[in-house]
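K.L.:
model the structure of this input:
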Amino acid sequence: MRTEQLTAKALEKVNYDKYLLANGVGKRAEKIANGAEVLLDIDTTGMKYTDIALQEIAEGKIILSLES
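P.N.:
Residues are numbered from 1 along each chain as shown. Below is the predicted model of the structure:
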C-alpha cells in the first residue's frame, strides 16, 4: 500500500487528528527502534520504523488516544 493511502487510513483511525497521528507514529517508531515487537504479519525487513508504525496504526494494531 502506498504511503498516501496508509496515511489516509491511519488518519481515519484517529478522527483526522494529524498531531495525534504524528506523535503516535513517532513514539511507536522509537519503541520499535528500541526493540519492541513489530505487530504486522508481513516481512518488515528494509522498512523504516516510521512506516512500520504508520501501518500498525492504519491496520488498527495500535490504538492511539489523547491520553497516550
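K.L.:
what's the model's confidence in the longest helix seen in the chain, averaged?
P.N.:
Using DSSP state H, we find that the single longest helix of the chain is helix 18-33. Average pLDDT, helix 18-33: 97.
K.L.:
list the contacts of it.
P.N.:
7, 10-11, 14, 36, 38, 48-50, 52-54, 56-57, 62, 64, 66, 68 (CB atoms under 8 Å, 6 or more residues apart in numbering). Using the backbone N, CA and C atoms, a C-beta is placed for each residue, glycine as well.
K.L.:
10 Å - rerun?
P.N.:
Residues from elsewhere that reach helix 18-33 (CB atoms under 10 Å, 6 or more residues apart in numbering): 7, 10-11, 13-15, 17, 36-39, 44, 47-58, 61-66, 68.
K.L.:
ok, and what's touching the helix-or-strand element of the chain with minimal mean pLDDT?
P.N.:
For the chain, counting by mean pLDDT, DSSP states H and E, helix 3-13 ranks last in confidence among helices and strands (a mean of 94). If you take CB under 10 Å, 6+ apart as the criterion, helix 3-13 is touched by 1-2, 16-18, 20-21, 24-25, 50-51, 53-60, 62-64.
K.L.:
just the buried ones out of the residues you listed, please.
P.N.:
Neighbour counting by 16 or more other CB atoms under 10 Å classes 20-21, 24-25, 50, 53-59, 62, 64 among the contacts of helix 3-13 as buried.
K.L.:
could you dump those to TSV with secondary structure and distance to residue 31?
P.N.:
Compiled in TSV, those are given as follows (DSSP: H, G, I helix; E, B strand; the rest coil; distance: CB to CB, whole Å):
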residue	secondary structure	distance to residue 31
20	helix	16
21	helix	16
24	helix	11
25	helix	11
50	helix	12
53	helix	8
54	helix	14
55	helix	14
56	helix	10
57	helix	13
58	helix	17
59	coil	16
62	coil	10
64	coil	13
